[in-house]
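1. Sequence and predicted model, in that order:
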Amino acid sequence: MGKQVHRIPAFESRRVSHPVFGTINKYWLTVKATDFPPGISSAANAREPVGLNRMVYRDVRASLEGKEAIPGSFDLMNKGITILALSVRLIDKDKQVFEVVVDDQDGGIVDGAHTAKIIEKCNIDGTTHPEQYVEVFIRTGVENELITDIARGLNTGMQVAPKSIYNIDGVFDWLKAEVASKPYKDMISWRESDNANYDVRDLISVLEMFNIFDFPNDGGKHPISAYEKWSIPLEKFANDYEENNKKLKSSKYYRLRPILNDALTLYDHIRHDFRDIHNEAGGSAGKMNIVEEASKGRKLEFPFANLPSTDYRLTKGASYPILAAFRNMVVQDSSGNAAWQGGFRSVLRLWSEAASELVLETYNATKEIGRMPDQLGKNRKHWDNLHMKIQLRLLRAQLIAQRGKKA
């Protein structure tokens, strides 16, 4: 048996005895993520901490870095890290520093190994937000015969994701066909186990933002759930398929199919252009939390629009309300399918013309609503303001055209 000794400083701590097993003590620590020690053995964990590029773990990292969640909320969204230890000793009462000794062959992290590895990588990269904390649960005095049962019990929460089931049922088949000829077809995850940069829910969320059938442009509702809660558009998409799989032409999302790849292209343009437009207007995007920076040695790609890779891009939370404002450019064609008013070139031209106004509106929103992308992505007023900006531009253009005809 090898031993590891780790020191963990806690913001707050608590110790309780087990009501049945007299040898077991349970410790609960709230630990600053930047203080969580690296290299704790995960020998007791039922799952090896691999596959960190899977979408679910990229989301965890984004929240830890404060990109897609409010800083300080990580411990509220993450179930934490559980460690089986040989002993725990308080060695500095004033600073609440604990010495934790683990068996590196049979003990260590029994649940939350992926969380620990993500924290370790972010700490190395220097991207962990300083206001993030993680819950650490430590158990001492656990007999060997209990370890397997504990590991099995704590790791039953990883259920098969709904998208994996939908994938088996053929729900995504027409979506796959729609992107099959595109260079980014292999960059999309269709199942939970897929290792890809984008997720099928990204595609569905983009469709939802242009869903003129459920969110008509003359109404007051906006598809905020496309950002706020992925599960809602995913479930809507699956239910729509269930109702219309024998008559796809009646499906709302299938009728949005003709604009999907163009919408993804527009999404890339918005994320790619935002920082430069803001800086050209005299701003300093480097100080904006809604703009994310590539990690060391990497570049951020824009595969949908085939744009040059860069060190910066607009975060999802800030880009979705801008993208959804272009729902104003979607109309129904003679067959009832979605189409771009004036063609997709008109959409890109409108982005070029309106970009500075939309960027300024977004920047002002960071001062009024909050600096974090999550705050923008969930704010109904912000979605409405951006939608109105595009709507007014189109109305002014129509009015000028009508006056020109009369003249």
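-> Thanks, I have it.

2. residues in contact with the residue lying closest to Val16 once chain neighbours are set aside?
-> The shortest distance from Val16 to any non-neighbouring residue, by CB to CB, 6 or more residues apart in numbering, is to Lys26 (5.2 Å). C-betas here are computed from N, CA, C, even on glycine. Contacts for Lys26 (CB atoms under 8 Å, 6 or more residues apart in numbering) come out as Arg15, Val16, Ser17, His18, Phe137, Ile138, Arg139.

3. Same question for Asp186.
-> Counting by CB under 8 Å, 6+ apart, Asp186 has contacts Ala196.

4. Assumed it was part of a helix.
-> Yes - the assignment for Asp186 (DSSP: H, G, I helix; E, B strand; the rest coil) places it in a helix.

5. next one: the one helix or strand Ala401 maps to to chain centre, how far?
-> Here Ala401 sits within helix 380-406, counting by DSSP states H and E. On the basis of CA atoms, centre = their mean, to the nearest Å, helix 380-406 sits 31 Å off its chain's mean C-alpha point.

6. same question, stretch 2-9
-> 33 Å.

7. again, but for stretch 196-211
-> Relative to its parent chain, stretch 196-211 has a centroid offset of 12 Å by CA atoms, centre = their mean.

8. got it, and stretch 377-389?
-> Counting by CA atoms, centre = their mean, stretch 377-389 is centred 19 Å from the centre of its parent chain.

9. Use 379 as the first number for this chain going forward.
-> Taking 379 as the first residue, the last one we looked at is stretch 755-767.

10. ok so, going back, what are the buried residues along the helix holding Ala779?
-> Neighbour counts over helix 758-784 (16 or more other CB atoms under 10 Å) mark His760, Trp761, Asp762, Asn763, Leu764, His765, Lys767, Ile768, Arg771 as buried.

11. What pLDDT is listed against the residue nearest to Ala422 when sequence neighbours are not counted?
-> Excluding the flanking residues, the one nearest Ala422 by CB to CB, 6+ apart is Val488, at 4.2 Å. Predicted confidence (pLDDT) for Val488: 89.

12. neighbours around Val488, how many?
-> 26 (other CB atoms under 10 Å).

13. and what of the one 10 residues further on?
-> Using other CB under 10 Å, Glu498 has 17 neighbouring residues.

14. For the helix or strand where it lies, the averaged confidence score.
-> Taking DSSP H and E as the definition, one finds Glu498 inside helix 491-503. Averaged across helix 491-503, the pLDDT comes to 93.

15. do stretch 615-635 as well
-> Here the average pLDDT along stretch 615-635 is 93.

16. Ends of it, what's the gap?
-> Taking CA to CA, to the nearest Å, stretch 615-635 runs 12 Å from one end to the other.

17. now stretch 583-596
-> For stretch 583-596, the end-to-end distance is 21 Å (CA to CA).

18. For that stretch, buried residues please.
-> Burial within stretch 583-596, assessed by neighbour count using 16+ other CB under 10 Å, is assigned to Ser583, Val584, Leu585, Glu586, Met587, Phe588, Asn589, Ile590, Phe591, Phe593.

19. can you redo those residues as TSV with secondary structure?
-> Converted to TSV, those look like this (three-state DSSP):
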residue	secondary structure
Ser583	helix
Val584	helix
Leu585	helix
Glu586	helix
Met587	helix
Phe588	coil
Asn589	coil
Ile590	coil
Phe591	coil
Phe593	coil
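
20. And those, which is closest to Ser629?
-> Phe591 (9.9 Å; CB to CB).

21. No further questions, thank you.
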